[in-house]
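A.B. asks: the following block contains a protein sequence and its predicted model.
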Protein chains: 2
Amino acid sequence: MSESKKRYTIKDIAEQSGVSLSTVSLVLNDNPRISQSTRARVLKTIERLGYQPNRMARALAWRHTRTLAVLVPQLRHAFADVYFGEIVSGIYDRASRLGYKILLEVARNEFIESKEYLQLYDQKFIDGIMFIGANSRHRFVAELADGTRPFMLVNNYTKEFDLNYVVSNYRYGGWQAAKHLVRLGHRRIGFISGGVAEIQTSQDILESFKEVLDESGIAYDPKLIVDGWLTEEGGMKAAEELLRQNPDVTAIFALNDKMALGAMKKMNELGLRVPQDVAVVGFDDIPQASFAIPGLTTIHQPLYEIGKLACERMVELIHGKVSRVQEVIPIYLTVRESCGARLKEAPAVKTV
Amino acid sequence: MSESKKRYTIKDIAEQSGVSLSTVSLVLNDNPRISQSTRARVLKTIERLGYQPNRMARALAWRHTRTLAVLVPQLRHAFADVYFGEIVSGIYDRASRLGYKILLEVARNEFIESKEYLQLYDQKFIDGIMFIGANSRHRFVAELADGTRPFMLVNNYTKEFDLNYVVSNYRYGGWQAAKHLVRLGHRRIGFISGGVAEIQTSQDILESFKEVLDESGIAYDPKLIVDGWLTEEGGMKAAEELLRQNPDVTAIFALNDKMALGAMKKMNELGLRVPQDVAVVGFDDIPQASFAIPGLTTIHQPLYEIGKLACERMVELIHGKVSRVQEVIPIYLTVRESCGARLKEAPAVKTV
DNA sequence: ATAACTTCGGCAAACGATTGCAGCCGCGGA
DNA sequence: TCCGCGGCTGCAATCGTTTGCCGAAGTTAT
């Protein structure tokens, strides 16, 4: 009947320690104005009573909440994706260390239409938003470009608005992947694309691919580019179409690992050997890439690290330590077996 | 220089509408004490000024926050797992509809040692915790069994403590899977287990497997049970060992789809055909199960729905509408091609 | 016309912290 | 002995809402 487990407040601590409310508060906030002896006494009472400061009350007085929202697009299995998973893990770990909590949000229509992305700030519910997987159809980010509210794109950026971001150097990554194939002698290279119309970083990879073609004196052939929808199934279909239409293709560059893996699977079905018949290079380096047989040569993205860094910067942004963050992370090729670069057996291609 | 974008408070609304603070608050809370005309006037001012009530202040006064914590174990890629992803999606969607926010937490050592799972409640930061993927090494849940703080296990349960939960009927699922194999004539059935020592539901599947063996008059052979660590790689290894030691095995029952898929992959490598040489049945029905070739026959778990239901119940728990929730969801076998039940060609096994 | 109800809206006390400012106390120097 | 100065503490205002209780009108019954 009786609520014996009554929660203590700062007032209880003050009384029990024989000091004033403010003294307790100052102790709680590590204010040097309080002497060591008083501090110790108060701390002891806190310990004894198992007191926990009410976070809402503090947030109210502080006018910030030490909570970050992580926003992801509404994908079929948004939370079930390695890509998002790794980044979120990075964000979470760093946030915890910095004393921040993570709120989950999905950019559903309703979220956008009701302007939740503004409400979250205005209701003083969160201190900042980190958006993973934004694309150019997410027009609403324009409203967050004025720097009034801490906002950041994670492993993504846009040329349209002046937003904060932390992103891999996709261009350089794409360049390395394409260059690798060309160096191995390939000249008829199929490209499995995806999201090029909406995603800036996808576009970057495609462009760097063309750039390599160009600087290698290889003619760009639009027929060698087919969309794989960024999924494994899409990658399978794309590979099939690509090879059917262009039997002379000796290598495939897929814009992400999922499609690359799908392509490899399809080639396996088709009785084509990787890398002997067709070389494959991917992008992202998801766990399955190293686990596949043959191991997938791909551009390694330090997703977890990117999440951590982005979170770190976000907090700096909130604290006003920086006013803008536009950081580009270098990424590198991880050579495995899918391009034949490590094989004793020579690749099917005549070296130039 | 001037912070022109000053946020409005309830006070501003009161002044601008010519009413008192409390009236505005009552309007905000749909209190019938306020007349339609007054309500309309206040609402108009709110609309005009774009006022947003401060969520922290409300939480302080309400003494609850309309925020739920979703807790996941510290796995290698906890957030990158389809299993968790689906459940979290379900929770998120239902929570949004009910006006709740989702806070993400990982049961790391630090989280447990510093008793964050209690602090979260005591700091009045969240209204409840939903734990996905708990196992028997998570002893701390004992402290949440007294019903004092809304807590729930999602798709999981334990016999040790009296906790709230929403869980699939793993026993019935396991029974169906095993029965399916037996009905098809298999008598030497390999079982790829995982987490049986720590996870009650894993144990349930294994037990139901033995039960079917028993009621079918098939001797239980411990050699046919090997651990696959719940991962794809583990499944591959387990299948290899299983088949090496017991060449007479005609079917494999894996405790989850990942391992089943790994097993199929290994058999492919080994030149064994599924289902002609070995039938395979899994558990969970992750997306890849239907996508695999041959399609994996498995027990379908409505993970997304379970998440939704669990969230719904959690909110009822918080509102005191129910005091205990221990719900068991029926699950069913989804027949695809990996057991040969649908094939024209007869399975390799002589029908009994 | 008066008593007894309703309706509707305002006052002020919470909710549980933070923090600027003022005051107290003891000690050393003149 | 008196004054000034530091070092500590405490008072009280503030953060932005909610809500119990009270009272002014307006209604209806007698």
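C.D. replies: Yep, it's here.
A.B. asks: which residues touch the spatially closest residue to A:D284 that is not a sequence neighbour?
C.D. replies: With CB to CB, 6 or more residues apart in numbering or on different chains as the criterion, A:D284 has its nearest non-adjacent residue at 4.5 Å, and that residue is A:D257. C-beta here means a position set from N, CA and C on the backbone, and glycine is covered the same way. Taking CB atoms under 8 Å, 6 or more residues apart in numbering or on different chains, we find A:D257 in contact with A:G282, A:F283, A:D284, A:D285, A:I286, A:Q288, A:A289, A:L296, A:T298.
A.B. asks: isn't the fourth one up against A:G295?
C.D. replies: No - with contact defined as CB atoms under 8 Å, A:D285 and A:G295 do not form a contacting pair (10.5 Å).
A.B. asks: if I look at the residue nearest to A:D284, how far off is A:P287?
C.D. replies: 9 Å (CB to CB, to the nearest Å).
A.B. asks: just for chain A, where's the confidence low?
C.D. replies: A:1-6, A:76-79, A:342-352 (pLDDT under 70).
A.B. asks: show me where it has helices.
C.D. replies: Per DSSP state H, chain A has helices spanning A:10-17, A:21-28, A:36-49, A:55-62, A:82-97, A:109-113, A:116-122, A:170-183, A:200-215, A:232-245, A:257-270, A:287-291, A:303-318. These are given in chain order.
A.B. asks: quick one: which of those is nearest B:Y51?
C.D. replies: Comparing those against B:Y51 with CB to CB, the closest turns out to be helix A:116-122 (8.8 Å).
A.B. asks: contacts for that closest one, please.
C.D. replies: Counting contacts by CB under 8 Å, 6+ apart, the residues outside helix A:116-122 that touch it are A:69, A:71, A:103, A:105, A:110-111, A:125-126, A:129, A:140, A:143-144, A:149, B:7, B:52.
A.B. asks: the residue of the stretch 151-300 of chain A found nearest DNA strand D: neighbour count?
C.D. replies: Proximity to DNA strand D, evaluated over the stretch 151-300 of chain A using CB to the nearest atom of the strand, is greatest for A:F151 at 21.2 Å. Other residues near A:F151 number 24, with proximity taken as other CB atoms under 10 Å in any protein chain shown.
A.B. asks: state the distance from the residue nearest to it when sequence neighbours are not counted to chain B.
C.D. replies: Counting by CB to CB, 6+ apart, A:F151 lies nearest to A:L144, which is 4.1 Å off, once chain neighbours are set aside. Between A:L144 and chain B the computed distance is 14 Å (CB to the nearest CB, to the nearest Å).
A.B. asks: state the distance from A:L144 to DNA strand C.
C.D. replies: Look at A:L144 and DNA strand C: by CB to the nearest atom of the strand, to the nearest Å, they are 26 Å apart.
A.B. asks: so that residue sits right up against A:G128, yeah?
C.D. replies: No - A:L144 is beyond contact range of A:G128, at 10.1 Å (criterion: CB under 8 Å).
A.B. asks: what's the overlap in contacts for the two?
C.D. replies: Going by CB under 8 Å, 6+ apart, residues that sit against A:L144 and also against A:G128 are A:F151.
A.B. asks: can you report how many residues lie near the residue in the stretch 251-352 of chain A positioned nearest to DNA strand D?
C.D. replies: In the stretch 251-352 of chain A, the residue that lies nearest DNA strand D is A:I318 (17.6 Å; CB to the nearest atom of the strand). Look at A:I318: counted by other CB under 10 Å, it has 19 neighbours.
A.B. asks: could you check which residue of the stretch 101-250 of chain A lies nearest DNA strand D?
C.D. replies: Each residue of the stretch 101-250 of chain A has a distance to DNA strand D, by CB to the nearest atom of the strand, and the smallest belongs to A:K124, at 7.1 Å.
A.B. asks: quick check: residues of the stretch 101-250 of chain A near chain B?
C.D. replies: By CB under 8 Å from any CB of the partner chain, the residues of the stretch 101-250 of chain A that approach chain B are A:101-104, A:106, A:108, A:110, A:119, A:122-125, A:148, A:232-233.
A.B. asks: and A:M56, how far from A:R171?
C.D. replies: Distance of A:M56 to A:R171, given as CB to CB: 45 Å.
A.B. asks: thanks again, I'm all set now.
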